[in-house]
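Colleague: output the structure for:
(chains A and B)
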Amino acid sequence: MILVWFIAILVVGGAACWVVARWSTAVCRWIALAVTAADFILSLALWIRNYPVNLLQQQDWLRQVNWTWFPDAGIHFHLAIDGLSLLLVVLTFFLGIVSVLASWTEIREGVGFFHLNLLWVLAGITGVFLAMDLFLFYFAWELMLIPMYFLIAIWGHERRVYAAVKFFLFTQLSGLLMLISILALYFIHHSATGVYSFEYSDLIGTSMPLHVAIWVMLGFFIAFAVKLPMVPVHTWLPDAHTEAPTAGSVILAGLLLKTGAYGLLRFVVPLFPAAAHWFSPVATILAVIGILYGAVLAFAQTDLKRLVAYTSVSHLGFVLLAIFVGNKLALEGALITIIAHGISTGALFVLVGALQERIHTREMDRMGGLWQTIPRLSGAAMFFAMASIGLPGLGDFVGEFLILLGTYKVSVGLTVAAAIGVLFSTLYGLKFIQRAFHGSNIHHWELHDLFAREVVIVAPMILILLWLGLFPQPVLNTFTVTMDKLQQTASQQYQAYEGGQQ
Amino acid sequence: MLELTGVIPAIPFFSFVLLAVFGPRMARRAVSVIGVGSIAASAIVSGIVTAAFISTPPAGWSYHEVIWQWMSVSGFQADIGFYLDALSVVMVLVITFVAFLIHLYSTEYMEGDEGYSRFFAYMNLFVASMVTLVLADNLLLLYLGWEGVGLCSYLLIGFWYTDPVNGRAARKAFIVTRVGDTSMVIGLFLIFHRLGTLNIQDLMNRATLQWPVGAAVAVAAAALLLGGAVGKSAQLPLQTWLPDAMAGPTPTSALIHAATMVTAGVYLIARTHVLFSLAPPVMLAVAVIGAATLLLAGCSALTQHDIKRVLAYSTISQIGYMFLALGVGAWSAAIFHFMTHAFFKALLFLAAGAVIQAQHEEHNIFKMGGLRRMIPITFWAFLIGGCALAGLPLITAGFYSKGMILWGSWSSPQGGPVLWIAGLVGVMLTSLYIFRVIFVAFFGEAQIAVEHPPRLAKNLPMVVLSALSISAGWLNLPPYLGNKLWLNDLLYTALPKVAEKQVGWITEDWSEGIITAAFVLGLVLAYELYLKHRGATRPLSDNALGRAIHELWYADWGFDFVYDKLLVTPVVWFAQVDKRDFIDKFYDGLAALSRACYRALSATESGRMRWYAASIVGGTVVFIFIVLVL
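Modeller: The predicted model follows:
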């Protein structure tokens, strides 16, 4: 039941915010904060109570709810949680709190509707991470798009409508491909077994010829690759990230991109192991291109948010690489990267947002020498930039190191190219610091340093990155069991397929 | 007492956190107490640990302590763990002690600076990282320290960030060293993939068992690690960042860019000496890189007029000597030279810093003069440091360590006369360029009035380092002085002995004698050219060839120029051109296409009857045609 509560609290809380905001925006903000905090504490409690995560062999989930929804069509309201979903849900609620706090003074128009959308996006994302019925999954997938569209289109910056429409078209069109694939899988499963079911555990192991599997897989893959985003379907991201309000950018970078990674991990590889294996050379090469291309383009930008946005293209390239390399080292690394990137990039967006509130520009040419006037904000930005360029001792490094260590076993060439991508990250990281905070304060800014509220946001993020960087074991352990299961399923499928071939 | 090892990096780390968070609001006095006191405490603890290590050596002359398990994933394991042996004991003692002296000096050097607490925060973080690097029991933790010192180096080079020139130098240092680091991290992947561990002792044991001498994989692993070492230690071909790194405050140059961080590459090779021993081609490369670097940098040092840049090239050159020693397997000689170099080069930089502040931030030695009488302690300090650097026989430390390296470069099985001659020419160059500075800046006519003459906090470290620059050499006395190799005997518990082969007529005593001659030659040349007949070099710089050589040496043999054209420009160009992301043009095209189709189709809906009728007729005709013909 706790899983239903996760979502229900957000949905009801969002509605409450909307209603209350007619009388008091302050109360509305506090409700939003309380709602996300309540979910965060609940999820944390769930984690602590189930740590160390030990799933028995026959038990797939830590908690689940399975209600019949449309019995004739085989549709269930099935939410379930395991180590992977748990970590992502904890991250979701944490960044939820961050988003609410980051919008505290930024959003002044339509406060109620804003928080409605914010909390409902989070509800949709939570649904994506928990749904184990593909129909429900698709429902949640679409659910998170619409509020996100509004967040960008209403509260965004100068080119918000363009960015919102672009975002919507990319994700909607690729989502339709996934719908086709879900239906195809549904009917293939029916023709094989005579049972109509959207249930994840039923659909796993649906046997089909490789050429069919490839087409069906591609539907899923494209939807997730657009979200991730993979080069060359990444171009919605810089616009959406740049134009969105701070909370929108935090959620986009920290969570929405991760739904793509989650989809690949949860669905593409386990459902279509043979096809995924067949496809892995293409995916890994595109991933490495993304790592390099994203880093170089980040280096090229002069708009701070655009710069940070392109770094996401680069970092998520590592995740894509890891998923298609597919060994344990790489996958564990992918999970750490997913979380650490959520925190470090989220924090960078918060800081850039805080900066924009102060100087009303994101253009680096209008900055310079800010360290003189806002040393704490600058120091924090330096910290997260260093995390982002993979400084050992911070979370991102652990993820990228494990990914490359795993990749090395599969391909030396890809590892070397990706390692050069890490080198390129130095270029954009240092440019970011130099152009905004170092140099002389030629525009004579006199700004207020971090407010208490901003310190409350940023300080925990610093601690989390240090924790992930120096003692990632609890996170790794939580994921291990789930990963073993996913790998086991995939390899059984794959062996069954190979056996069938011979 | 060895359990205290973990405390040595912990103290400066916590004082860094303290200074980073509360520093801006603290009184200067409190910042000094925390910033310097933490390093003093760290140095005392490492003194205690060293004493304990030598007086009651642990079993096998090594002590291992795991603080906590860092990560453990399907066969890969790395700990936050420290490994203490003779090598790391010597390194840590030297690092913390020199760091303490330099921190003390900084309280006076930085006293008027508005970034006072920021400076000490960075410096403390540096010491914590450097000690972690040296004590790490596995390559991943070593890499953490390695990147940590790189970060601090970047932060401190760009410490005065308002000047974009400093920022540029800082970024250059970070990026160039990270090129080396990338090679190193790939080496880590290779080593783990082949040997299944990154624990340094384990991997060396496994490598000896699994890899024959000269195995391709051993060569690859050693070469990749060498890439990291070359970057960090500013050796060919990645030496270009160090001269620019002089943009940082002078205590930073003394600590990071002379005494400690830049020797991390030397430490890395000594630490993983088994891998290098298994890869003779890489050993040869190390020796050749060392010899070439010491000559090239020595020539460049001759032409600089910025006192700090002379010292920077000198550092590159001296680390070249250490590489030469490593390359011929004279491991302990390299560490010996690391130690004496840490003392005398830190001393030279501190003295140079005192000179610069006394001369209104003037760096150009040709605008100075007569400083000998005006700041005598600084003069003596610089003179002692310079003599130790050049290798004034018998008295100074540099003589003993350099003598040992040169002897090894010929007498070891991997050595030979060519390497020895390169080193010998280097001795002459060293003596020439350092006495050039001494004669030009400290002798002759006074040009700038002295202000801020050094006080106690500056003088005390210079005096102590002067004493060490002389006495440290006596830790290893050569055969003609009784052959008392105390330091070497200690290091032999961790590193293999230097092998010797018969080299015919020459003996160690002869080698030392010839080195002395080279030293004297350099000294006399410097005296003739820069003191007795000032302007005697004019004819050289007047002819075209002389000027061309001067410019080539002055510009560090054109490395920067080549890298700029070959690497920097293309990347920047591509980034500029593709700022708007040409992949997006494809989607813009799609959008334009669909808009065009929309316009075309909506144009057909014109409301004109004639047009509709014509369309229907035309469509019908085409349709019938298709049906009939196909």
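
Colleague: C-alpha from now on. contacts and neighbour counts both.
Modeller: Will do.

Colleague: what's residue B:280 in contact with, if anything?
Modeller: Shown in contact with residue B:280 (Cα atoms under 8 Å, 6 or more residues apart in numbering or on different chains): B:213, B:214, B:219.

Colleague: from those residues, which is closest to chain A?
Modeller: Looking at those and their distance to chain A, the nearest is residue B:219, at 16.3 Å (Cα to the nearest Cα).

Colleague: rebuild the contacts of residue B:280 as JSON lines, extending it with neighbour count and pLDDT.
Modeller: Shown next, in JSON lines, are the contacts of residue B:280 (neighbours: other Cα atoms under 10 Å in any protein chain shown; pLDDT from 0 to 100):
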{"residue": "B:213", "neighbour count": "16", "pLDDT": "90"}
{"residue": "B:214", "neighbour count": "16", "pLDDT": "88"}
{"residue": "B:219", "neighbour count": "21", "pLDDT": "94"}
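
Colleague: can you flag which of those residues belong to helices?
Modeller: Using DSSP state H, residue B:219 are the members of the contacts of residue B:280 that sit in helices.

Colleague: list just the nearest of the contacts of residue B:280 to residue B:18.
Modeller: Distance to residue B:18 across the contacts of residue B:280 (Cα to Cα) is lowest for residue B:219, with 44.4 Å.

Colleague: these two touch, right, the closest one and residue B:278?
Modeller: Yes - counting by Cα atoms under 8 Å, residue B:219 does reach residue B:278; the two are 7.3 Å apart.

Colleague: where along the stretch 451-600 of chain B do the helices fall?
Modeller: Assigned by DSSP state H, counting those that start in this stretch, the stretch 451-600 of chain B shows helices spanning B:456-471, B:486-491, B:508-526, B:538-542, B:544-554, B:559-563, B:569-577, B:583-604.

Colleague: which elements pack onto the first one?
Modeller: So that's helix B:456-471. Helices and strands touching helix B:456-471, by 3 or more Cα pairs under 8 Å, 6 or more residues apart in numbering or on different chains; DSSP states H and E, are helix B:86-109, helix B:331-358, helix B:376-390, helix B:397-411.

Colleague: what angle do it and helix B:397-411 make?
Modeller: 40 degrees (axes from the mean of the first three to the mean of the last three Cα atoms, to 10 degrees).

Colleague: starting at the chain centroid, how far to helix B:456-471?
Modeller: 23 Å (Cα atoms, centre = their mean, to the nearest Å).

Colleague: and that helix, C-alpha only, in PDB?
Modeller: Output of helix B:456-471 as PDB, limited to C-alpha atoms (Å, rounded to 0.1, in the frame of the first residue of the first chain):
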ATOM      1  CA  LEU B 456      60.800  36.200  11.200                       C
ATOM      2  CA  ALA B 457      58.000  34.100   9.600                       C
ATOM      3  CA  LYS B 458      59.800  34.300   6.300                       C
ATOM      4  CA  ASN B 459      63.400  34.100   7.600                       C
ATOM      5  CA  LEU B 460      62.900  31.100   9.900                       C
ATOM      6  CA  PRO B 461      61.800  28.700   7.200                       C
ATOM      7  CA  MET B 462      64.600  29.900   4.900                       C
ATOM      8  CA  VAL B 463      67.200  29.300   7.600                       C
ATOM      9  CA  VAL B 464      65.900  25.800   8.400                       C
ATOM     10  CA  LEU B 465      65.700  24.900   4.700                       C
ATOM     11  CA  SER B 466      69.200  26.300   4.200                       C
ATOM     12  CA  ALA B 467      70.500  24.000   7.000                       C
ATOM     13  CA  LEU B 468      68.700  21.000   5.400                       C
ATOM     14  CA  SER B 469      69.900  21.900   1.900                       C
ATOM     15  CA  ILE B 470      73.400  21.400   3.300                       C
ATOM     16  CA  SER B 471      73.000  18.600   5.800                       C
END
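
Colleague: buried set for that helix?
Modeller: For helix B:456-471, the neighbour count (16 or more other Cα atoms under 10 Å in any protein chain shown) marks B:457-463, B:465-470 as buried.

Colleague: thinking again about what came up before, need the helices and strands packed on helix B:456-471 in JSON lines (columns: mean pLDDT).
Modeller: Rendered in JSON lines, the data for these read as follows (pLDDT from 0 to 100):
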{"stretch": "helix B:86-109", "mean pLDDT": "93"}
{"stretch": "helix B:331-358", "mean pLDDT": "92"}
{"stretch": "helix B:376-390", "mean pLDDT": "92"}
{"stretch": "helix B:397-411", "mean pLDDT": "89"}
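
Colleague: specify the stretch among those helices that is closest to residue A:92.
Modeller: Checking the helices and strands packed on helix B:456-471 against residue A:92 by Cα to Cα gives helix B:86-109 as the closest, at 44.2 Å.

Colleague: so what's the residue of the stretch 501-630 of chain B found nearest chain A closest to, chain neighbours aside?
Modeller: Nearest residue of the stretch 501-630 of chain B to chain A (Cα to the nearest Cα) works out as residue B:575 at 4.7 Å. Spatial nearest neighbour of residue B:575, excluding adjacent residues (Cα to Cα, 6 or more residues apart in numbering or on different chains): residue A:300 at 4.7 Å.

Colleague: contacts only, for the one you found.
Modeller: A:307, A:428, B:572, B:575, B:576, B:578, B:579.
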